[in-house]
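Chemist: Sharing a model prediction with you, sequence too.
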Amino acid sequence: MAGRIEDYALIGDMQTAALVCRDGTVDWLCLPRFDSHAIFAGLLGTEEHGFWRLGPAHAADSKPPTAARRTYRGDSLILESEWDTPRGTVRVTDFMPPRDGAPQLIRIVEGVTGRVPMRSVLRMRFSYGRVVPWVHKHEGRTVAVAGPDSVWFDTEAETYGKALTTYADFTVAPGDRIAFTISWEPSHKQPPALPEPEQSLQATEDFWREWVEHCTYHGPYREAVVRSLITLKALTYAPTGGIVAAPTTSLPEDIGGVRNWDYRYTWLRDAAITLSSLLRTGYREEARAWREWLLRAVAGDPENLQIMYGIAGERELGEAELDWLPGYENSAPVRVGNGAAHQLQLDVYGEVTEALHLAHMTGLARNDYASLLQLKLIRYLEDHWDEPDEGIWEVRGPRRHFVHSKVMAWVAVDRTIKLIESGDADGPLERWKELRDDIHRDVCERGYDKERNTFTQSYGSQELDASLLLIPQMGFLPPDDKRVIGTIEAIQRELSTPDGFILRYPTSGGEEGVDGLPGDEGAFLACSFWMADDLAMIGRVDEARKLFEKLLALRNDLGLLAEEWDPRLKRQVGNFPQAFSHVPLIDTALRLTASGAYGG
């Protein structure tokens, strides 16, 4: 069985990523891209679906021992895990070097004390665990081939095959360093170059050290902010600038339930808010690359803006179910692709426009097509802002007039008016000012419950929605407006878990609810960070700081967060690690630092 979600570490090369468990097992790896088929899919099934374990040898009828300690090497994505055994201590260093040729996963075993028997167990299963490759020797190297894929396994340790699995048994003493590498290459091409593990390790460490040096945040939460920034960088597909929401698919929001989605794509919303965090911490090159990705993805068809695209800008992300995988802790179905790609989510126009606006305000070099795109998006909104949509949470039930969607439509128009007023674009300024006023009036009249003094999830609804917390953050209303304060307090009353974290919206348990799905879900971590932001904005800074630090305590030992926190099971749930959790962590840290709310 796979480990708990928070038991995993992330390593990656900014084109794909692997998850490494505390016991030294790689249970998830897609090659060569984030959205490629997995060669290790044990995370969503069993060991029969592929894994690679490297750690101290243990009896066949016992569980693999877990590392006594693990950490990232400094501010990097190089994982170091140490085991203390009766025979001594051993360290395994796992990393994926930034790509210069074939993608590689490198694991270096180092003896620390004593003489420790070790074992590598490599079971490659292509196509998400469905295909057993042909494993054979080629000029002294082990290669696994199936269809278009080949994976090359290189090590100085002696290997042998048994039960369609490749093993290596060896012993390390102090000073011993034994490397293991897998490299991917299209099966019709020549073998990849022989790996150089030690040189790759140094190059990887140098890359991350130099990248982190650009961070402009030096406040009290620097460790958490830098780890989140590294995670966001790891979720960026370097060749195009696209940013995946998470490197996994179908990690459940409800253990044993059906709320399992593929997050290995670029949501415009998630990418736009990621861009804003990167810009405000000094990372302008990533912002420029994402803006170029956006312009390519939308090129020629801005009127049919999708909410998400493939990492190279692909439009077709058809959803399918992998019925041979039982799912993480039997949470089925396992899905690949995402059928929400063609939903109407009007808030996306606001997030994209806000990101372009921030890029402009922070001095990113002007791009005339970006300004042209922004104008085209507003012309579309002129005709469609008053339509119902699926909203920020991608409901699979009926469309509604979601208040957050209308607020973000207002944001899109407001930021475009500012662009025109700055002299960097031309447009019907007075007409769009009237449009901005119309949207604002509509939301305040139809989306606000006067009796309860709160905005609601949608027009005519009594339900609340945590996305309403963004109203003051987007400048739709000032923080001291009584309607804003009333909404914050209503969400605290009605959407808080017993430990003070925030749900997205009410779910229905066994019945189908507003989102068109049965079952419940955990507290949505982004919403809880939004609450901390709002509390700080309305002057309740001590309360905001306490909530923020409770949220930081939910991170795993490596500083990583999934999408949600299950308050009943006291564990992380949802895809992992999740950009939409790490971005608001950064934003809240910046806000609290600016307010001086972090205490002694």
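Modeler: Great, that's in hand.
Chemist: List the contacts of residue 468.
Modeler: Applying CB atoms under 8 Å, 6 or more residues apart in numbering to residue 468 gives the contacts 403-404, 454-457, 487, 491. (Each C-beta comes from the backbone N, C-alpha and C, glycine too.)
Chemist: a helix runs through it, doesn't it?
Modeler: Yes. Applying DSSP: H, G, I helix; E, B strand; the rest coil, one finds residue 468 inside a helix.
Chemist: Keep only those of the contacts of residue 468 that are in strands.
Modeler: The members of those that map onto strands under DSSP state E are 454-455.
Chemist: could I get the contacts of residue 468 as TSV with distance to residue 294?
Modeler: As requested, those are exported to TSV (distance: CB to CB, whole Å):
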residue	distance to residue 294
403	26
404	21
454	34
455	30
456	32
457	29
487	31
491	31
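Chemist: okay, among the contacts of residue 468, which ones form the most distant pair?
Modeler: 404 and 454 (13.5 Å; CB to CB).
Chemist: Which of those two has more residues huddled nearby?
Modeler: Higher neighbour count among residue 404 and residue 454: residue 404, with 28 against 23, using other CB atoms under 10 Å.
Chemist: you'd agree residue 66 is up against residue 23?
Modeler: Yes. Residue 66 is within contact range of residue 23, at 4.9 Å (criterion: CB atoms under 8 Å).
Chemist: who's more crowded, those two?
Modeler: Per other CB under 10 Å, whichever of residue 66 and residue 23 has more neighbours is residue 23, with 20 against 16.
Chemist: Please give me every residue in contact with that one.
Modeler: 3, 53, 55, 63-67.
Chemist: Residue 563 too?
Modeler: For residue 563, the contact set (CB under 8 Å, 6+ apart) comprises 246, 253, 524-525, 573-576, 578, 580-581.
Chemist: From the residues you listed, pick the one nearest residue 264.
Modeler: The shortest approach to residue 264 among these belongs to residue 246, at 7.1 Å (CB to CB).
Chemist: so is that closest one in a helix, a strand, or just coil?
Modeler: What three-state DSSP gives for residue 246 is coil.
Chemist: That one against residue 263, yeah?
Modeler: Yes. Using CB under 8 Å, residue 246 is in contact with residue 263, at 3.9 Å.
Chemist: overlap in contacts of those two?
Modeler: With contacts taken as CB under 8 Å, 6+ apart, residue 246 and residue 263 have 575, 578 as neighbours in common.
Chemist: Residue 589 touches residue 221, doesn't it?
Modeler: Yes. In this structure, residue 589 is within contact of residue 221 by CB under 8 Å, at 4.0 Å.
Chemist: between those two, which one's more packed in?
Modeler: residue 589 (25 against 20).
Chemist: That one belongs to a helix?
Modeler: Yes. Counting by three-state DSSP, residue 589 falls inside a helix.
Chemist: Now do it, the pLDDT please.
Modeler: Note on residue 589: pLDDT of 97.
Chemist: And it, how far from residue 281?
Modeler: 10 Å (CB to CB, to the nearest Å).
Chemist: residues contacting the residue lying closest to residue 186 once chain neighbours are set aside?
Modeler: Spatial nearest neighbour of residue 186, chain neighbours left out: residue 148 (5.9 Å); criterion: CB to CB, 6 or more residues apart in numbering. By CB under 8 Å, 6+ apart, residue 148 lies in contact with 186-188.
Chemist: Mind checking which of those land in strands?
Modeler: Those of the contacts of residue 148 lying in strands (DSSP E): residue 186.
Chemist: So which of the contacts of residue 148 is the closest to residue 232?
Modeler: Distances from residue 232 to the contacts of residue 148, taken by CB to CB, are shortest for residue 186, at 29.4 Å.
Chemist: still on that earlier bit, so how far is residue 184 from the residue nearest to residue 186?
Modeler: For residue 148, the distance to residue 184 (CB to CB) stands at 11 Å.
Chemist: Quick check: neighbours shared by these two?
Modeler: Between them, residue 148 and residue 184 share no contacting residue, judged by CB under 8 Å, 6+ apart.
Chemist: Now do the helices in the protein.
Modeler: Here the chain has its helices, by DSSP state H, at 126-129, 197-212, 222-234, 268-279, 284-298, 347-361, 368-384, 403-421, 429-446, 470-473, 482-494, 525-537, 541-552, 579-595.
Chemist: what would the ones you listed look like in TSV with distance to residue 171?
Modeler: Shown next, in TSV, are these (distance: least, CB to CB, whole Å):
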stretch	distance to residue 171
helix 126-129	31
helix 197-212	19
helix 222-234	33
helix 268-279	45
helix 284-298	44
helix 347-361	53
helix 368-384	59
helix 403-421	59
helix 429-446	68
helix 470-473	57
helix 482-494	58
helix 525-537	43
helix 541-552	40
helix 579-595	40
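Chemist: closest to residue 326 out of the ones you listed?
Modeler: helix 126-129 (10.2 Å).
Chemist: I'd like the mean pLDDT over the closest one, please.
Modeler: Averaged over helix 126-129, pLDDT sits at 97.
Chemist: List the contacts of residue 564.
Modeler: 253, 521-525, 572-574.
Chemist: now do residue 226
Modeler: Contacts of residue 226 (CB under 8 Å, 6+ apart): 75, 212, 215, 217.
Chemist: ditto for residue 402
Modeler: Counting by CB under 8 Å, 6+ apart, residue 402 has contacts 346-347, 388-389, 391-392, 457-458, 465, 467.
Chemist: Tabulate those (JSON lines), appending pLDDT, neighbour count and distance to residue 174.
Modeler: Output for the contacts of residue 402, formatted as JSON lines (pLDDT from 0 to 100; neighbours: other CB atoms under 10 Å; distance: CB to CB, whole Å):
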{"residue": "346", "pLDDT": "93", "neighbour count": "28", "distance to residue 174": "62"}
{"residue": "347", "pLDDT": "92", "neighbour count": "26", "distance to residue 174": "57"}
{"residue": "388", "pLDDT": "96", "neighbour count": "15", "distance to residue 174": "67"}
{"residue": "389", "pLDDT": "94", "neighbour count": "23", "distance to residue 174": "62"}
{"residue": "391", "pLDDT": "91", "neighbour count": "27", "distance to residue 174": "58"}
{"residue": "392", "pLDDT": "91", "neighbour count": "22", "distance to residue 174": "54"}
{"residue": "457", "pLDDT": "96", "neighbour count": "25", "distance to residue 174": "61"}
{"residue": "458", "pLDDT": "96", "neighbour count": "24", "distance to residue 174": "65"}
{"residue": "465", "pLDDT": "96", "neighbour count": "26", "distance to residue 174": "58"}
{"residue": "467", "pLDDT": "97", "neighbour count": "26", "distance to residue 174": "55"}
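Chemist: Between all of those, which two are separated the most?
Modeler: Most distant of those, by CB to CB, are 388 and 467, 15.6 Å apart.
Chemist: Give me the phi and psi angles of residue 561.
Modeler: Reported as degrees, to the nearest 10, the phi and psi values for residue 561 are phi -130, psi 140.
Chemist: Double-check it against residue 578; I have them as touching.
Modeler: Yes. With contact defined as CB under 8 Å, residue 561 reaches residue 578; the gap is 6.2 Å.
Chemist: shared neighbours, the two?
Modeler: With CB under 8 Å, 6+ apart, residue 561 and residue 578 have common neighbours residue 525.
Chemist: Low-confidence regions, this protein specifically.
Modeler: Where the chain drops to pLDDT under 70, the residues are 300, 302, 508-520, 597-600.
Chemist: if you set the cut-off to 80 instead, what comes out?
Modeler: Judged by pLDDT under 80, the chain has its weakly predicted residues at 1, 299-304, 362-366, 396-397, 507-521, 596-600.
Chemist: Just give me the neighbour total for residue 343.
Modeler: By other CB under 10 Å, 18 other residues sit near residue 343.
Chemist: Is it in contact with residue 393, as I believe?
Modeler: No. Between residue 343 and residue 393 there is no contact under CB under 8 Å: 10.5 Å.
Chemist: With neighbour numbers in mind, choose between residue 561 and residue 578.
Modeler: The residue with more neighbours, out of residue 561 and residue 578, is residue 561; 31 against 27, by other CB under 10 Å.
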